[in-house]
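> sequence plus the predicted model coming up.
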Amino acid sequence: MKEAEAVKQEATMLHEQMKMVKYDIQKVEHNTAKSMQMLLELDAVKMRMKAASEALREADNWTTLSADVEDVFESQDIDAMSKKIVGMQQSLHILTDVPDFAERCSYLESLKNRLEAMLSPHIVAAFSSQSLDSAQKFARIFNDIERFPQLCKYYQRCHKSNLHNAWKQIHQQSPDGSVMTWLTEFYDQLLTTWNAQMKWCSQVFGDSITITSDLLSETLSGLDPSIVSCVDRMISTSNCPIEDLITIRKITDRFAVHLETAIDSHGTGSLYLPSVDRMAQSIYAPFRVYTSKFCQLEDDLLRNALDNIRLDHEDVMDCVTLLGESVPKLFAAASVANQHCIDLTSGCGYVMLPRVLQDYLKKYLIEFERVLVNISEKCRVDPSTGMDTDEWDSFQNSLRIIQACGDLIMHLDELDQSLISNVVTTVGRYCASTGSLSHKESLVRSELKRNPFRDYRQLLLQSVDSRQALELLITRLEEGDSPSMMDEAKEQVYALCRHVHKFSFDIVFAPLQQHLTLVPNMQVWKSGITGSALTPNLPNFSLTPQEYITKIGQYLMTLPQQLEPFTMENNPMLTVAIKYGKLPYIGEIGELPEHLAQLWLESVARGCMQVYADQILKIPELAEPSTKQLVTDIDYLTNVLDDLGLETSEVAKNLVLLLNASQEEYAELSENMPQRLSSAVANMRGLRVD
């Protein structure tokens, strides 16, 4: 307890002592605050006095230096002149507040100009002879007088002139040579110059990459004749301008890759210097012109390809064969255009290529429709004779055209997928947002964006609008659920497919239509026909189907045989065509049946029953014996459809019920029938319905 009491007393004493120390510190701070402020003010006065002293000394120094400057210049002593200018320059840095500062600056600049004018012949000689000692001396002088950028311009003008002369010499030595040969030789010389000057410039200027990159940039942008003018003359007489441009692009790419490798070997970050970006822009500048012209060049090629696709022939079968053979030819040219877009524009042309391809396909489809009209004129069926061998051939030819439409759709889907894939794997690698990509893919894309030799969006597209359009295209393709670049063309092909199905249906349905059209005006329906074999008491089983309906039945039974060669085999083209085409009297097709013939049979059968019912309702008068004959005819057609595995339509079933109904049954039966149908049958039969 005593020890605890002692510790407590010591703690109390220590606390009191700390309070006293804190009080003393506060007292000292209060008493010395004014003194410290005074010391700070005195120090500021001292600094101003020192600056004034230095200004006076430098003013005196300026006067001393400028007094004999003319004598120094007359002595032609370069070291003395540069030393004098450096001294005056240092003085002027101090004398920024003197009244005549601007005049002194102007005077100093005039002295620098005189020195530079005196040195310029020696500088040119040193750069031309690659004299390292002299060049280093001039570099030191120009650095001291703050005119180092001017020395760099001397260097660039000197070597640029030599390279321009080399370009002209290449032309003069082989005036009839190709642009490819000229560029190959000139690019080799540029690479040689680059490699030689990199080491030399590092010893003279320090930043060798910037100096040599700017040298190549200015050289390429100032060529006479320019690369573009040379290429324009070449492609004006070329049979295939795009192929020649692609060859030149490959030569340019090899040159750019060599430079990229050389620059990258100098260390991380060298590729991303502004001067390297300017050089890459200069190398690919000609191709910005031809990327903007790519659409027109490709459109000319595709137009020629379309002109060489033959579609017309006097013979229908040969004409149909030409239509089928045209599809692979059509898309072979489109595939070449797709590859051209990669080889010449590195995918940047995909902003414009889909429109060119869709216009190309539109022109082809117009020709397809024209040929189809010609074929339809030659394939008109003579209804009076039914379908003979030649006319069945017409129907089979129409099925071959449908097959060509299916082939067209399949090729178009393949082209569309190829376009999308190429966009994503070419320009998509360095363009558009990276939000939907993995971390690794994002890093790769960001790195390519930074590489001035690989960001073709900046290298090849001239306008900001074109670059933004390309990025929007890639974003849409990457983020869309079912992206497509050929929407318009697809809709046009689908419309053509529907048209061809209708054309084919009209051929096969024409004989049925003719027979059915005669039904309302047949004399057998009228009462009181003299010599008629029909009597009211004649039993139904004694009646036989009439000739018109037996011909229709025989025709329907023949149809599967005509369809079999095209629908029984595995035919993906027909399957695709019927998926996007539309057969009359068939609703939306869900899952396709195993045999496509079933769809055709169902379409023709439904059409037959629908038209038959419509024609029956047009019969003006139906006597009682004739009613039994009509029921017999309908039953016959129903049996034929049953043999084909097809169902009778509800209208036909209702017709039979209404035709068989007695006067007493009719009213009750008609309540559950469509009013138009029951009223029409009642009028034909002369029944009174309250």
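Sure thing, it's come through.

> can I get the CA coordinates of the helix or strand where Met81 lies in CSV?
Secondary structure assignment for Met81, by DSSP states H and E: helix 78-94. Backbone C-alpha positions of helix 78-94 (Å, rounded to 0.1, in the frame of the first residue of the first chain) are rendered in CSV as follows:
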residue,chain,number,x,y,z
ILE,A,78,32.6,30.4,-83.2
ASP,A,79,33.3,29.4,-79.6
ALA,A,80,33.8,33.1,-78.5
MET,A,81,30.5,34.1,-80.3
SER,A,82,28.5,31.3,-78.7
LYS,A,83,30.0,32.1,-75.3
LYS,A,84,29.1,35.7,-75.7
ILE,A,85,25.5,34.9,-76.7
VAL,A,86,25.2,32.5,-73.8
GLY,A,87,26.4,35.1,-71.3
MET,A,88,24.0,37.7,-72.7
GLN,A,89,21.2,35.1,-72.6
GLN,A,90,21.9,34.4,-68.9
SER,A,91,21.8,38.1,-68.1
LEU,A,92,18.6,38.5,-69.9
HIS,A,93,17.0,35.8,-67.8
ILE,A,94,17.6,38.1,-64.8
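
> ok, and the helix or strand in the protein with the lowest average confidence?
helix 439-450 (a mean of 53; mean pLDDT, DSSP states H and E).

> next SSE downstream of that one?
Moving toward the C-terminus from helix 439-450, the next helix or strand (DSSP H and E) is helix 456-460.

> secondary structure element for the nearest residue to Val519 once chain neighbours are set aside?
Taking Cβ to Cβ, 6 or more residues apart in numbering as the measure, Val519 lies nearest to Gln615, with 4.2 Å between them; neighbours along the chain are not counted. Placement of C-beta: from N, CA and C, glycine included. Using DSSP H and E, the element containing Gln615 is helix 597-616.

> same for the helix holding Met81, what does it pack against?
If contacts are counted by 3 or more Cβ pairs under 8 Å, 6 or more residues apart in numbering; DSSP states H and E, helix 78-94 sits against helix 2-67, helix 69-74, helix 101-129, helix 132-144.

> by mean pLDDT, show me the worst of those helices.
The stretch with the lowest mean pLDDT among those is helix 2-67, at a mean of 65.

> now the helix holding Gln615: how far from the chain's centre is it?
On the basis of Cα atoms, centre = their mean, to the nearest Å, the separation between the geometric centre of helix 597-616 and that of its chain is 46 Å.

> CA atoms of the helix or strand following it as CSV?
Of the helices and strands lying after helix 597-616 in sequence (DSSP H and E), the nearest is helix 624-643. What follows is helix 624-643 as a C-alpha-only set of coordinates in CSV (Å, rounded to 0.1, in the frame of the first residue of the first chain):
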residue,chain,number,x,y,z
GLU,A,624,-82.8,-32.4,-105.4
PRO,A,625,-81.3,-35.1,-107.7
SER,A,626,-78.4,-32.8,-108.4
THR,A,627,-77.8,-32.4,-104.7
LYS,A,628,-77.1,-36.1,-104.4
GLN,A,629,-74.7,-35.9,-107.3
LEU,A,630,-72.8,-33.1,-105.7
VAL,A,631,-72.6,-35.0,-102.4
THR,A,632,-71.2,-38.0,-104.4
ASP,A,633,-68.6,-35.7,-106.0
ILE,A,634,-67.6,-34.3,-102.7
ASP,A,635,-67.4,-37.7,-101.1
TYR,A,636,-65.2,-38.9,-103.9
LEU,A,637,-62.7,-36.0,-103.4
THR,A,638,-62.8,-36.8,-99.6
ASN,A,639,-61.9,-40.4,-100.3
VAL,A,640,-59.0,-39.3,-102.6
LEU,A,641,-57.6,-37.0,-99.8
ASP,A,642,-58.0,-39.8,-97.3
ASP,A,643,-55.9,-42.1,-99.5
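
> continuing past helix 624-643, what's the next helix or strand?
On the C-terminal side of helix 624-643, the closest following helix or strand by DSSP H and E is helix 650-660.

> just list what that following helix packs against, helices and strands only.
Packed against helix 650-660, as judged by 3+ Cβ pairs under 8 Å, 6+ apart, are the following elements: helix 597-616, helix 624-643, helix 663-670, helix 675-685.

> can you list those in a markdown table and add mean neighbour count and distance to Asp455?
Supplementary listing: these in a markdown table, determined by neighbours: other Cβ atoms under 10 Å; distance: least, Cβ to Cβ, whole Å:
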| stretch | mean neighbour count | distance to Asp455 |
| --- | --- | --- |
| helix 597-616 | 20 | 53 |
| helix 624-643 | 19 | 68 |
| helix 663-670 | 14 | 79 |
| helix 675-685 | 17 | 70 |
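
> circling back: mind pulling up the pLDDT for the residue nearest to Val519?
Turning to Gln615, the model gives it a pLDDT of 93.

> ok, now how distant is it from Ala11?
As for Gln615, its distance to Ala11 is 122 Å (criterion: Cβ to Cβ, to the nearest Å).

> ok, now Met522?
When Cβ to Cβ is the yardstick, Met522 and Ala11 sit 132 Å from each other.

> the more surrounded of the two?
Set side by side, Met522 and Ala11 show unequal neighbour counts under other Cβ atoms under 10 Å, the larger going to Met522 at 15 against 10.

> for the more buried one, grab phi and psi.
Note on Met522: backbone dihedrals following degrees, to the nearest 10 are phi -70, psi 140.

> re earlier: which stretch in the helices and strands packed on helix 650-660 has the least confidence?
Averaging pLDDT over each of the helices and strands packed on helix 650-660 puts helix 663-670 lowest, since it has a mean of 84.

> what about that helix, distance to the chain center?
Using Cα atoms, centre = their mean, the distance from the centre of helix 663-670 to the centre of the chain it belongs to is 68 Å.

> alpha carbons of that helix, as CSV, please.
Coordinates of the C-alpha atoms in helix 663-670 are reproduced here as CSV (Å, rounded to 0.1, in the frame of the first residue of the first chain):
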residue,chain,number,x,y,z
GLN,A,663,-86.1,-29.4,-94.8
GLU,A,664,-87.0,-30.3,-91.3
GLU,A,665,-83.4,-30.9,-90.2
TYR,A,666,-81.9,-27.9,-92.0
ALA,A,667,-82.9,-25.2,-89.6
GLU,A,668,-81.6,-26.9,-86.5
LEU,A,669,-78.4,-27.9,-88.3
SER,A,670,-77.7,-24.5,-89.7
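
> run a quick neighbour tally on Glu591.
For Glu591, the number of neighbouring residues by other Cβ under 10 Å comes to 5.

> sec struct for it, please.
Counting by DSSP: H, G, I helix; E, B strand; the rest coil, the backbone at Glu591 sits in coil.

> look up how far Val519 lies from it.
Taken as Cβ to Cβ, the spacing of Glu591 relative to Val519 amounts to 36 Å.

> now swap in Tyr585 and tell me
Distance, Tyr585 to Val519, using Cβ to Cβ: 18 Å.

> repeat that for His313.
Computed as Cβ to Cβ, the His313 to Val519 distance reads 39 Å.

> who has more neighbours, these two?
More neighbours sit around Val519 than around the other of His313 and Val519, counting by other Cβ under 10 Å; the figures are 21 against 15.

> wait, Lys378 sits on Asp318?
No: between Lys378 and Asp318 there is no contact under Cβ atoms under 8 Å: 11.7 Å.

> still on that earlier bit, got a markdown table for the helices and strands packed on helix 650-660, with distance to Asp232 too?
As requested, the helices and strands packed on helix 650-660 are exported to a markdown table (distance: least, Cβ to Cβ, whole Å):
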| stretch | distance to Asp232 |
| --- | --- |
| helix 597-616 | 57 |
| helix 624-643 | 71 |
| helix 663-670 | 83 |
| helix 675-685 | 73 |
